[in-house]
Structure formats: structure tokens, C-alpha cells
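> following is a predicted model, sequence given first.
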Amino acid sequence: MSIITYKNLKNILFKLQPESAHNLASIGLRSIKHCQPALRYLKDRYFYTHPMLEQTIFDRKFLNPVGLAAGFDKNGQYILSTPALGFGFTEIGTVTPLPQDGNPKPRLFRLKSEESLQNAMGFNNLGADYMLEQLKKLYFFDYPIGINIGKNKITPENIALRDYKQLFEIFSDQGDYIVINISSPNTPGLRDLQNEQFIKDIFAIAKEQTDKPVLLKIAPDMSVENALNLCRSAVDAGAAGIIATNTTIDYTLSSDPDKQSFGGISGKILQEKSYTLFKAIAKELYGKTLLISVGGIDSAQEAYRRIKAGATLVQLYSSFIYHGPNLLKEINEGLVELLKADGYTHISEAIGADFGVKSE
Ligand SMILES: Cc1cc2nc3c(=O)[nH]c(=O)nc-3n(C[C@H](O)[C@H](O)[C@H](O)COP(=O)(O)O)c2cc1C
């Protein structure tokens, strides 16, 4: 029996400023990554897989469909530890070509009454060369990794393509998929790149630079029509998938006393907004490209709702902060039960079930 439960740990972490708590957790995750007994202990406790949940995607085996969303491991420093927390895959980044500090602190807030977070981090990261070094050390580590890329703050939007080109080149043979992030609200002008011309140009460059699958991550703060046009252009231009959604700048959703008037909100209050946009996109694009749903996923039921709405994979961040690694086990075990209850023998039969078609 262990005395270190996430509940105990959370009591300590939640007494700290959110970013200090994150930094402390990062130190822990970095220090245990080479400690096999600790990793084995955690993995036995939190990692769950089942033949019904296993999928081969992008030529890589995903032992469960619940991933760690971008922004938690911005530098790829604790990829070795994340499977032990129960995740089936990890998206590292957002990484920019050059290292950058991000926005002034404080820039991360807990909206506790709503199990949500608000962040204005601004792609604080150690840069592409540093991340590349981390990835090279992982040679032969059998675990799916996505690399989420973004432009430096100092790069003007009219030459943003240059940054992305450089990143495709640097990571051309790394990880299992690459994600174009033009949807974070914390780099001025970044979301303006969510236009069809930029999408065409960036995917053309991606094709020249890498054979890896390249996905687009979109913001939740646009009309269904705009989102669909954008995603359609991405798929036509060769996108291997769509990730929906990033954080929202719709501050009217929150009434928490710690709410700010800047940054992006994630977690429970993003749930419906994210689901609604995801489903609208999936209605048209399910079966044509791979769809990953993220935003407010905090239970097996919610993950299952996204899967039936067309998600092959799901990701989470905020609910992990509130509930810890137990949640991963609960979600994955719960998914197997929900699949069985509906008479499915494998997750692939449930993906997109809302639209009455079966995934291949
Ligand atoms: C502190 C924080 C930092 C984040 N940083 C990034 C990032 O660098 N790149 C990115 O694409 N998304 C980033 N995100 C967004 C998440 O990947 C995710 O899309 C969003 O939080 C919604 O999921 P959730 O409700 O499960 O948290 C960040 C989120 C948080 C809370």
C-alpha cells in the first residue's frame, strides 16, 4: 500500500502557485525517468491496456487511446515517464526554432470552482535543438510521440513559414507525427495564420521536408463554417489529421473568481464548446482523415462520447492536473466497459458510430 496518493500530492501542489507546482512535478518526472523500479511501480498502478483498445496508427502501436495533450512536456524532457502515468501517447511541445522565455509571469491560473485552467504561457521552451537532443536519446523507446511545432514570437507572421520549414526539417525523421500549431492564443497574431492560403502553403512545405504524418491543431473560437473550410483545406493539402481543440478565449464561459481577461481557458468549461466543434468537423471529415479530440475530457463517458463522434484518439491536460494518473486508468478501464456494454469487440467499431459508419 502506498502513502503517496495523488490526493496527498495535490494537497501540496495546489498550495503552490500553479507554475511552481508544474515545475516541481517536472523535476519529479525528470528524475524518475531513468529509475526503472519507480517507473514499473507507477506503470503497474496507472497504465491500462486491453486488446479492445489497441490500435495501429501511423505504423505505430497505441496501447490505449488517451494521450497527454501538448503543453505539459514542452521540451520532451519526460517522455520516458509519461506512459507510467497511464498515457497511451504523448504530444510534446509546442517547440519553436529558437528557445524563448514565453510571456511574463504569472501566466498560469487555476479556475478551481470549474475544474479548469487559464494559461498565457506563450510557448516557453528550450528550442528545437534541445528537443532534438532529447528525442535522439529515446532511440528504440517503443511509445507513440507527437511533436507539436510553432513559430517564435519574434518571427513576424509574414515570414512564419520560415520557422515551420525549419522545424519540419529538424524533426523530419523524429516522433510518429508532427502537429502544426497555429491555434494557441498566447502568441500575438498566431491565430491569424488559421487561413486557407497559409494552410495550403504550410502543408506544401511540410510535404517537401518530411514523410511523417502532419496534423493541424485548431482553435475552438471560430464558426463551424470557418473551421470546416480550414480543415477541408488542410486535408486537401495533405494533412494526415485534425486535432480539435486548443484552449478558448471565450472568457464569458467562466465565472470563477480567479478568471483573467487574457490567455486561453482549458478544462471542464471548455468541454461542450470543444465537443460541439469537434462533432461538426467530424460530421464531414470522419473517414477522410484521422481525428483527435481534446478539450475538457475528464471521464470515460466523455472520452467515449468523442470516440463515437469520430475521434480515433483523445487527449487531455487539465483534468490530469485535477485528478492525477488515477484518471487515466479509470478512463481506459471505463472505455472497455462502455464498449462491451454497447456490444463492440474493438474500439474501431465505435469510432464514428454516431454517423452510422464503421471505421476501417
Ligand atoms: C498550461 C497549458 C499549456 C499549454 N500549452 C500548449 C502548447 O504549447 N501547445 C498546444 O498546442 N497546446 C497547448 N495547450 C492546450 C492543450 O494541449 C489542450 O489543447 C487544451 O488544454 C484543452 O485540453 P484540456 O481541456 O484537456 O486541458 C496548453 C494547455 C495548458 C493548460
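Nice, I can see it.

> how about the closest residue to the ligand within the stretch 101-250 of the chain: what's its closest non-neighbour residue?
Distances between the stretch 101-250 of the chain and the ligand by Cβ to the nearest ligand atom are smallest at N119, namely 3.7 Å. C-betas here are computed from N, CA, C, even on glycine. Distances taken as Cβ to Cβ, 6 or more residues apart in numbering put L108 closest to N119, at 4.8 Å, once the chain neighbours are dropped.

> number of nearby residues for the one you found?
Neighbourhood size, L108 [other Cβ atoms under 10 Å]: 18.

> starting at the chain centroid, how far to stretch 37-49?
Taking Cα atoms, centre = their mean, to the nearest Å, one finds the center of stretch 37-49 at 21 Å from the center of the full chain.

> how far does stretch 153-172 stretch from start to finish?
Length of stretch 153-172, first residue to last, Cα to Cα, to the nearest Å: 22 Å.

> so for it, mean pLDDT?
Across stretch 153-172, the average pLDDT comes to 97.

> thinking again about what came up before, just confirm the residue nearest to N119 contacts N124, I think it does.
No: if you go by Cβ atoms under 8 Å, L108 and N124 don't touch, sitting 10.2 Å apart.

> residues of the stretch 51-200 of the chain that sit close to the ligand?
Proximity of the stretch 51-200 of the chain to the ligand, by Cβ under 6 Å from any ligand atom, involves residues 69-71, 74, 93-94, 108, 117, 119, 121, 123, 148, 181, 184.

> okay, the residues you listed in a markdown table with secondary structure and pLDDT next?
Putting those into a markdown table (DSSP: H, G, I helix; E, B strand; the rest coil; pLDDT from 0 to 100) gives the following:
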| residue | secondary structure | pLDDT |
| --- | --- | --- |
| A69 | coil | 98 |
| A70 | coil | 98 |
| G71 | coil | 98 |
| K74 | coil | 98 |
| G93 | strand | 98 |
| T94 | strand | 98 |
| L108 | strand | 98 |
| L117 | strand | 98 |
| N119 | strand | 98 |
| M121 | coil | 98 |
| F123 | coil | 97 |
| N148 | strand | 98 |
| N181 | strand | 96 |
| S184 | coil | 94 |
